[in-house]
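Trainee: One predicted model, sequence on top.
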Amino acid sequence: MEKKIKDLTIDELELLINKTVHKAFEDISEDILALSSEEYIKSIEEAREDFKKKKTKTFEEVFSV
């Protein structure tokens, strides 16, 4: 079943658009940072390697829950 939006106020639509644009800007900013920083790219590669080797902690381990 396809979801539809009904009776969306102008303020709600504006907020939705603002959040969408903000998220897109964050994503683009991260891409620009990655493309311009060798250190940033290296840190991503290291994090991916840690993940592959299961050298990560669960949410529960990090927050003791």
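Mentor: In hand now; what should we look at? Residues are numbered from 1 along each chain as shown.
Trainee: Now do Ser43, the pLDDT please.
Mentor: You'll see Ser43 listed with a pLDDT of 90.
Trainee: Near it, how many residues? Count them for me, please.
Mentor: 12 (other C-beta atoms under 10 Å). Every C-beta, even on glycine, is put in place using the N, C-alpha and C of the backbone.
Trainee: ditto for the one 10 residues further on
Mentor: For Lys53, the neighbour count with other C-beta under 10 Å is 8.
Trainee: Distance check, it against Leu33.
Mentor: Relative to Leu33, Lys53 is positioned 25 Å away (C-beta to C-beta, to the nearest Å).
Trainee: go on, Phe51?
Mentor: 20 Å.
Trainee: quick one, strands of this protein?
Mentor: Along the chain, no segments are classed as strands by DSSP state E.
Trainee: per-residue pLDDT, the residue nearest in space to the middle of the chain?
Mentor: What sits nearest the mean C-alpha location of the chain, by C-alpha atoms, centre = their mean, is Asp27, with 7.1 Å. Predicted confidence (pLDDT) for Asp27: 94.
Trainee: quick one, longest helix in the protein?
Mentor: Criterion DSSP state H: the longest helix present in the chain is helix 10-36.
Trainee: other SSEs contacting that helix?
Mentor: helix 38-52 (3 or more C-beta pairs under 8 Å, 6 or more residues apart in numbering; DSSP states H and E).
Trainee: quick check: angle from the helix it packs on to helix 10-36?
Mentor: If you take axes from the mean of the first three to the mean of the last three C-alpha atoms, to 10 degrees, helix 38-52 sits at 100 degrees to helix 10-36.
Trainee: could you turn helix 38-52 into CSV, dropping everything but the C-alphas?
Mentor: Extracted in CSV, the C-alpha atoms of helix 38-52 (Å, rounded to 0.1, in the frame of the first residue of the first chain):
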residue,chain,number,x,y,z
GLU,A,38,44.0,12.1,3.1
GLU,A,39,43.8,11.6,6.9
TYR,A,40,40.0,11.4,6.8
ILE,A,41,40.1,8.8,4.0
LYS,A,42,42.6,6.8,6.0
SER,A,43,40.4,6.9,9.1
ILE,A,44,37.5,5.5,7.1
GLU,A,45,39.6,2.7,5.7
GLU,A,46,40.8,1.8,9.2
ALA,A,47,37.3,1.8,10.6
ARG,A,48,36.1,-0.4,7.8
GLU,A,49,39.0,-2.8,8.5
ASP,A,50,38.1,-2.9,12.2
PHE,A,51,34.5,-3.7,11.3
LYS,A,52,35.5,-6.5,9.0
